[in-house]
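J.: missing the sequence, but the structure's below:
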Ligand code: 9UX
């Protein structure tokens, strides 16, 4: 099964920031779709929660230098 999580992202200042987060997320096993919007500071991630949890997604983003928190 798939679920969708929306995250608030802090620390992005240019489109390379949003692109690098988006490509990092897309490489994660269990992530089906990931979009990152610089203007709204939001990510929308379709993922299988049995393979990767939103907490792990937040940790992955943290590891590449950005702060993330769950919106919904
Ligand atoms: Mo743009 Mo983001 O020069 O870490 S890549 S600020």
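T.: Thanks, I have it. Only a predicted model underlies this, so the values are computations on that prediction, with no experimental measurement involved. Residues are numbered from 1 along each chain as shown.
J.: Okay, strands next: where are they in this protein?
T.: 3-10, 31-37, 42-47, 67-70 (DSSP state E).
J.: now those strands as TSV including mean neighbour count and distance to the ligand?
T.: C-beta coordinates here come from the backbone N, C-alpha and C atoms, glycine included. Formatted as TSV, the strands of the chain follow (neighbours: other C-beta atoms under 10 Å; distance: least, C-beta to the nearest ligand atom, whole Å):
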stretch	mean neighbour count	distance to the ligand
strand 3-10	16	11
strand 31-37	17	12
strand 42-47	20	15
strand 67-70	14	12
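J.: For residue 55, find the nearest of those strands.
T.: With C-beta to C-beta as the criterion, residue 55 lies closest to strand 67-70 of those, at 8.5 Å.
J.: Parallel or antiparallel, list what pairs with the closest one.
T.: Under the criterion DSSP bridges, strand 67-70 sits next to strand 3-10 (antiparallel) in its sheet.
J.: that older thread, so can I have a markdown table of the strands of the chain showing distance to residue 24?
T.: Listed next are the strands of the chain as a markdown table, based on distance: least, C-beta to C-beta, whole Å:
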| stretch | distance to residue 24 |
| --- | --- |
| strand 3-10 | 12 |
| strand 31-37 | 9 |
| strand 42-47 | 11 |
| strand 67-70 | 11 |
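J.: In JSON lines, list these along with mean pLDDT.
T.: Shown next, in JSON lines, are the strands of the chain (pLDDT from 0 to 100):
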{"stretch": "strand 3-10", "mean pLDDT": "98"}
{"stretch": "strand 31-37", "mean pLDDT": "98"}
{"stretch": "strand 42-47", "mean pLDDT": "98"}
{"stretch": "strand 67-70", "mean pLDDT": "98"}
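J.: Go through those strands and name the closest to residue 21.
T.: For these, proximity to residue 21 was assessed by C-beta to C-beta; strand 31-37 is nearest, at 5.0 Å.
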